[in-house]
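Peer 1: generate coordinates for the sequence data below:
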Amino acid sequence: MWKQIDRVLAVLLSLGAIGHTFGSIAAFRHQPATLLWALCASALIALVSAINLLRTWRPGDRSLAWIAVTGTLSWLVASIAFGVIIGRLIDPRVVVFVLLTIGLLAFGIKDGVSARRA
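Peer 2: Okay, the predicted model is just below:
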């Protein structure tokens with residue numbers, strides 16, 4: 001059951017990447033420099049979700065687990081920083097990304113600590 005929750009969190013994060021992409025295009029269509037950075041964030045979200053999804057299929061891969069933790073932690077910091085910058089840590093965009101990311105971070109740390117050494 002926990003593995004399924006882990007996978008659902010990764011899939012939800014990937015859906016968040018899709019939503020972030022479309023929202024960024026709608027919001028920054030006429031601001032190419034800002035749009036570029038927003039799309040870079042979408043790419044980071046997509047990569048973090050893909051790495052976490054891959055981690056769920058390779059439970060014994062300790063290196064992959066720690067790579068996932070590092071990427072996930074970077075997205076957590078970026079999400080919180082965004083909330084601070086806009087002055088609303090309880091903004092739904094921030095809350096959703098932070099909750100998904102904390103869940104994935106916990107699963108990644110568990111996998112990194114419990115995985116067998118190669």
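
Peer 1: which residues are in contact with stretch 1-19?
Peer 2: If you take Cβ atoms under 8 Å, 6 or more residues apart in numbering as the criterion, stretch 1-19 is touched by 42-43, 45-46, 48-50, 52-53, 56, 59, 96-97, 100-101, 103-104, 107. Any C-beta I mention is one placed from the backbone N, CA and C, and that applies to glycine too.

Peer 1: can you do 10 Å?
Peer 2: Residues from elsewhere that reach stretch 1-19, judged by Cβ atoms under 10 Å, 6 or more residues apart in numbering: 23, 41-57, 59, 68, 72, 75, 79, 93, 96-97, 99-108, 110-111.

Peer 1: give me the buried entries from those.
Peer 2: Taking 16 or more other Cβ atoms under 10 Å as the criterion, what is buried in the contacts of stretch 1-19 is 41-42, 44-46, 48-53, 55-56, 59, 68, 72, 75, 79, 93, 97, 100-101, 103-105, 107-108, 111.

Peer 1: quick one: which of those sit in helices?
Peer 2: 41-42, 44-46, 48-53, 55-56, 68, 72, 75, 79, 93, 97, 100-101, 103-105, 107-108, 111 (DSSP state H).

Peer 1: for this structure, give me the ranges with low pLDDT.
Peer 2: 115-118 (pLDDT under 70).

Peer 1: if anything else comes up later, I'll come back, but that's it for now.
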